[in-house]
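Chemist: Curious how this folds, go ahead:
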Amino acid sequence: MTQTQLQEKMLQYQMLEEKFKALNQRRELFSMKLVEIEQTNQAIGEVEKSKETDVFVPLGSSVFLPGKLNKKEKMIVGIGADIAVEKNVEEVKKVIEDRRKTLENGLETVQSNMLQIAQQMQSLEPEIQKMLTKLQKAG
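Modeler: Take a look at the predicted model:
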């Protein structure tokens, strides 16, 4: 066991650590998007069953504009590449459901990759420790 081999193992461990951190950030993003989708589904459900037409439209920074709903049966939904189209409520629900499934699949993949990386890191730890011990005894 040489100093160079130890450095290579430690570099390998650090690279795995960075990958794990990046995947963890991605996992958090997927989780936040899934919460957003759930909130959207709830809001659509509330709009569907609401008899009142008065609403508060969020403008951002906790600023709302009072308004009235005059067409609850049609909604505008973004479909990607900065393109939005008008769809009926059922079509919007399908778009949202498809997005939820895609996010859940992505989340599952990320978590699986994180598990694999964590296992690789765990297998490297004793190797690194063993090499450190041998180098310390030799030095």
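Chemist: Which stretches in the chain count as strands?
Modeler: For the chain, applying DSSP state E gives strands covering 54-60, 63-68, 74-80, 83-88.
Chemist: Name the strands paired with the second one and say parallel or antiparallel.
Modeler: Strand 63-68 has the following strand partners under DSSP bridges: strand 54-60 (antiparallel).
Chemist: lowest average confidence, helix or strand, in the chain?
Modeler: Ranking every helix and strand in the chain by mean pLDDT, DSSP states H and E puts strand 54-60 at the bottom, with a mean of 87.
Chemist: how about the strands of the chain in TSV, adding mean neighbour count and distance to Lys19?
Modeler: (Each C-beta comes from the backbone N, C-alpha and C, glycine too.) Output for the strands of the chain, formatted as TSV (neighbours: other Cβ atoms under 10 Å; distance: least, Cβ to Cβ, whole Å):
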stretch	mean neighbour count	distance to Lys19
strand 54-60	10	35
strand 63-68	9	41
strand 74-80	12	28
strand 83-88	12	34
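Chemist: ok, Tyr13 touching Ile128?
Modeler: Yes. Using Cβ atoms under 8 Å, Tyr13 is in contact with Ile128, at 6.4 Å.
Chemist: Common neighbours of the two, please.
Modeler: Common neighbours of Tyr13 and Ile128, using Cβ atoms under 8 Å, 6 or more residues apart in numbering, do not exist here.
Chemist: ok, back up a step: can you give me the offset of the least confident helix or strand of the chain from its chain's centre?
Modeler: 27 Å (Cα atoms, centre = their mean, to the nearest Å).
Chemist: For that strand, which outside residues touch it?
Modeler: By Cβ under 8 Å, 6+ apart, strand 54-60 touches 64-69.
Chemist: can we see that at 10 Å?
Modeler: Strand 54-60 is contacted by residues 47, 63-69 when judged by Cβ atoms under 10 Å, 6 or more residues apart in numbering.
Chemist: show me where the protein has helices.
Modeler: Along the chain, counting by DSSP state H, helices occupy 3-49, 89-138.
Chemist: Which among those is found nearest to Gly80?
Modeler: Ranking these by proximity to Gly80 (Cβ to Cβ) places helix 89-138 first, at 10.4 Å.
Chemist: can you give me the angle the closest one makes with strand 74-80?
Modeler: Using axes from the mean of the first three to the mean of the last three Cα atoms, to 10 degrees, the inter-axis angle of helix 89-138 relative to strand 74-80 is 30 degrees.
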